[in-house]
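> My questions are about this predicted structure, shown below with the sequence.
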Amino acid sequence: GNSVTQMEGPVTLSEEAFLTINCTYTATGYPSLFWYVQYPGEGLQLLLKATKADDKGSNKGFEATYRKETTSFHLEKGSVQVSDSAVYFCALYPYNQGGKLIFGQGTELSVKP
Amino acid sequence: GAVVSQHPSRVICKSGTSVKIECRSLDFQATTMFWYRQFPKQSLMLMATSNEGSKATYEQGVEKDKFLINHASLTLSTLTVTSAHPEDSSFYICSAKALAYEQYFGPGTRLTVT
């Protein structure tokens, strides 16, 4: 079946530190991959996406590369800010599930000044 | 573009009453909308898929008579929690499917049943 596994949180970093949040997936075929961010008390916002192998999604300094050989889509940012504190969800969209997204469990990031 | 709204953002109701939550796609038409439930510090749990003009498809374990979903137009889906109880207290989030694979999420509704 289809599934997404994220590294467990919470992740606590100092401002300007390098961020990596690991995400691996299991899927048949060639799914599209997404990172969503959820700020406290809010819904999810699409952060970035990649639709095929070797695609790199990027937005607001965050980036992730679709690696089919390692079935991974790790989220990275070179220098985090306090305002990046949120919960990050990795998700995949398999072609044969009627539009349903498969979410990872979420990783909470806390950035301290 | 691609904005999804939810109303209300917060609601407190008494046990035994019903609550309706609206999900609207403001600048695009969505033939498919999804309803999720989120417990504190957990991921989103898909409750049902709402298709315009047809009956919703519920995920296993979700009571369709308790969580009534109506998708009467291409921009509006509603979730009614009937005879609410404290265990129904949760954060409910909707999303609307725009293009082939992109979903846009509403800001969520915090339901508290007293």
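Received the coordinates, thanks.
> CA atoms for contacts and neighbours, from now on please.
Fine.
> what's the weakest-modelled helix or strand in chain A?
For chain A, the helix or strand with the lowest mean confidence is strand A:102-103, at a mean of 92 (criterion: mean pLDDT, DSSP states H and E).
> How about the next helix or strand after that one, which residues are buried there?
Sequence-wise, the next helix or strand downstream of strand A:102-103 (DSSP states H and E) is strand A:107-112. By neighbour count with 16 or more other C-alpha atoms under 10 Å in any protein chain shown, strand A:107-112 contains the buried residues A:107-111.
> Which residue would be the closest one in chain B to chain A?
Residue nearest to chain A within chain B: residue B:107 (3.9 Å; C-alpha to the nearest C-alpha).
> Can you give me the neighbour number for the nearest residue to that residue once chain neighbours are set aside?
The shortest distance from residue B:107 to any non-neighbouring residue, by C-alpha to C-alpha, 6 or more residues apart in numbering or on different chains, is to residue A:43 (3.9 Å). Around residue A:43 there are 23 other residues, counting by other C-alpha atoms under 10 Å in any protein chain shown.
> Repeat that for residue A:23.
22.
> Please name the bridge partners of it.
As for beta bridges, residue A:23 partners with residue A:6 under DSSP bridges.
> Close to chain A: what parts of chain B are there?
Counting by C-alpha under 8 Å from any C-alpha of the partner chain, the residues of chain B close to chain A are B:42-44, B:93, B:97, B:100-101, B:104-108.
> and the residues you listed, which of them are in strands?
B:44, B:93, B:97, B:104-105 (DSSP state E).
> who's in contact with the residue nearest to residue B:107?
Taking C-alpha atoms under 8 Å, 6 or more residues apart in numbering or on different chains, we find residue A:43 in contact with B:93, B:105-108.
> from these, which two are the most distant?
B:105 and B:108 (8.1 Å; C-alpha to C-alpha).
> list residues touching both of those two?
With C-alpha under 8 Å, 6+ apart as the test, residue B:105 and residue B:108 both reach A:43, B:93-94.
> Among the ones in strands among the residues of chain B next to chain A, which pair sits farthest apart?
Greatest spacing in those, by C-alpha to C-alpha: B:44 and B:97 (16.2 Å).
> Up against chain B, what does chain A have?
Going by C-alpha under 8 Å from any C-alpha, the residues of chain A near chain B are A:32, A:41-46, A:89, A:93, A:99, A:103-106.
> Narrow those to just the buried residues.
The neighbour-count test (16+ other C-alpha under 10 Å) marks A:32, A:42-46, A:89, A:93, A:99, A:103-106 as buried among the residues of chain A next to chain B.
> what residue ranges in the chain score low on pLDDT?
Defaulting to chain A. Scanning chain A for pLDDT under 70 picks out A:96-98.
> wait, chain B
Those would be B:1, B:99-101, if you go by pLDDT under 70 across chain B.
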